[in-house]
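Engineer: Sharing a sequence plus its predicted fold:
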Amino acid sequence: MTTIGFYGGSKIDGWRTKLGRHLDDFTLVDLMSPEGQLADIALVWAPPKGQLAKMPNLRGIIMQGQGVDYMMRDQTVPRDVPLVRLVDPDMSNALSHWAILAALDFWRDAAYYRDCQTSKTWQPIVQRPASGAKIGIMGVGAIGGIMAQRFAALGFEVSGWARSMRQIDNVEIFSGDDGLAPFLDGLNILVSVLPLTPATTGIMNHQLFNQLAKGAYIINGGRGPQLVEADLLDAIGSGQIAGAALDVFAIEPLPADHAFWTHPKITIWPHVAAQTNPKTAAMQVAAAITAIMAGREPENRIDWARGY
């Protein structure tokens, strides 16, 4: 029997039921319990630092979500044990929906019409067509690639930036350090779904903002530390950036006295753009567990050197 130690924000009973549809002969227990400490697999989200290193039977670590930056910062996580990130199609859909919602809210001037409703003013303005917007997706991997195609299907001019070159229908791809500047040039909307690595920390700064079209819009669904918050406030103040929709922050929960809360041109989402759905994620988790217990390489294993 495979013992799975569970730790995270989701409900353990929901995971137990959903995994039972794809796995035989397993038990799912609290990671912090005596039985959990002897588990073969850790199914976790942000476990206490040092906890995984104490597990003598640990054969695999599977994340309950997309991000692995928390694990990367914990030097006690065993590097010789496979670490698997979740790449759930339902999360890809949800994050795409959120980014499209934020982009359309900006491009179709929804804030202006909300103000008109508040003031009871009937004053239409000229509609901006989708074909007039250049949208760039930073991080066209499993999630960003789907997102880019969804934007393209709506008629936007879409480009993507990735670490290495790839092909996506109807999307112009730029890659590597040399490709970043031409990718950014003249974008009206920039969406980040990048993983957090040393190379992406602080990547959205004043230098990047100045390469975008004047009055561009920022959508961050990647990780909070990728955004230099003071630079964003300055760029909005100067008019270089029109505003931003942010789902992730350097400190979460966002402190009550943070300037973002009351800024009229910043929309705050409390890290809810794409939440894990055990119903759709269980199949992938079960496949990873099956592979690990059989001694095979699981899909979506993290490369510690790359950081994702």
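Structural biologist: On my side now, so go ahead. Numbering: from 1, shown residues only.
Engineer: Count the neighbours of Ala294 for me.
Structural biologist: 8 (other C-beta atoms under 10 Å). Where C-beta positions appear, they are placed from N, C-alpha and C, glycine not excepted.
Engineer: Also Gln284?
Structural biologist: 20.
Engineer: Correct me if wrong, but it is in a helix.
Structural biologist: Yes - counting by DSSP: H, G, I helix; E, B strand; the rest coil, Gln284 is found in a helix.
Engineer: what's the distance between it and Gly36?
Structural biologist: From Gln284 over to Gly36 the distance is 22 Å, taken as C-beta to C-beta, to the nearest Å.
Engineer: again with Pro78
Structural biologist: 16 Å.
Engineer: One more: Asp178?
Structural biologist: Taken as C-beta to C-beta, the span from Asp178 to Gly36 is 47 Å.
Engineer: Next: Lys54.
Structural biologist: Lys54 is 11 Å from Gly36, by C-beta to C-beta.
Engineer: Not counting its neighbours along the chain, what's nearest Pro129?
Structural biologist: Of all residues not flanking Pro129 in the chain, Gly155 sits nearest, at 7.4 Å (C-beta to C-beta, 6 or more residues apart in numbering).
Engineer: do Ala39 as well
Structural biologist: Gly5 (3.4 Å).
Engineer: Surely the one you found is within a strand?
Structural biologist: Yes - according to three-state DSSP, Gly5 belongs to a strand.
Engineer: I'd like the numbering to begin with 32 instead of 1 from here.
Structural biologist: With the count now opening at 32, the last piece we talked about shows up as Gly36.
Engineer: For the nearest residue to Leu114 once chain neighbours are set aside, list the residues it contacts.
Structural biologist: Closest residue in space to Leu114, ignoring its immediate chain neighbours: Ile333 at 4.3 Å, by C-beta to C-beta, 6+ apart. Residues counted as contacts of Ile333 (C-beta atoms under 8 Å, 6 or more residues apart in numbering) are 99, 102, 114-116, 339.
Engineer: so where do the strands sit in the stretch 82-231 of the chain?
Structural biologist: 91-94, 114-115, 165-169, 188-193, 203-206, 220-223 (DSSP state E, counting those that start in this stretch).
Engineer: Take these and write them to CSV, including mean pLDDT.
Structural biologist: Converted to CSV, these look like this (pLDDT from 0 to 100):
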stretch, mean pLDDT
strand 91-94, 97
strand 114-115, 97
strand 165-169, 98
strand 188-193, 98
strand 203-206, 98
strand 220-223, 98
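Engineer: what's the least confident helix or strand in the protein, going by average pLDDT?
Structural biologist: Here the helix or strand of the chain ranked lowest by mean pLDDT, DSSP states H and E is helix 100-104, holding a mean of 90.
Engineer: which residues touch that one?
Structural biologist: Contacts for helix 100-104 (C-beta under 8 Å, 6+ apart): 77, 92, 94, 108, 114, 226-228, 254, 333, 335, 338.
Engineer: List buried members of these by neighbour count.
Structural biologist: Buried members of the contacts of helix 100-104, counted by 16 or more other C-beta atoms under 10 Å: 92, 94, 108, 114, 226-228, 254, 333.
Engineer: okay, these in CSV with distance to Pro155 next?
Structural biologist: Formatted as CSV, the buried ones among the contacts of helix 100-104 follow (distance: C-beta to C-beta, whole Å):
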residue, distance to Pro155
Ile92, 54
Met94, 47
Val108, 56
Leu114, 53
Pro226, 42
Leu227, 42
Thr228, 45
Arg254, 39
Ile333, 50
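Engineer: Could you single out the nearest of those residues to Ala281?
Structural biologist: Arg254 (8.8 Å; C-beta to C-beta).
Engineer: show me what contacts the closest one?
Structural biologist: Counting by C-beta under 8 Å, 6+ apart, Arg254 has contacts 98, 100, 225-227, 231, 279.
Engineer: By neighbours, which of those residues wins?
Structural biologist: Leu225 leads the contacts of Arg254 on contacts (other C-beta under 10 Å) with 26 neighbours.
Engineer: isn't that one right next to Ile168, touching?
Structural biologist: No - using C-beta atoms under 8 Å, Leu225 is not in contact with Ile168, being 9.5 Å away.
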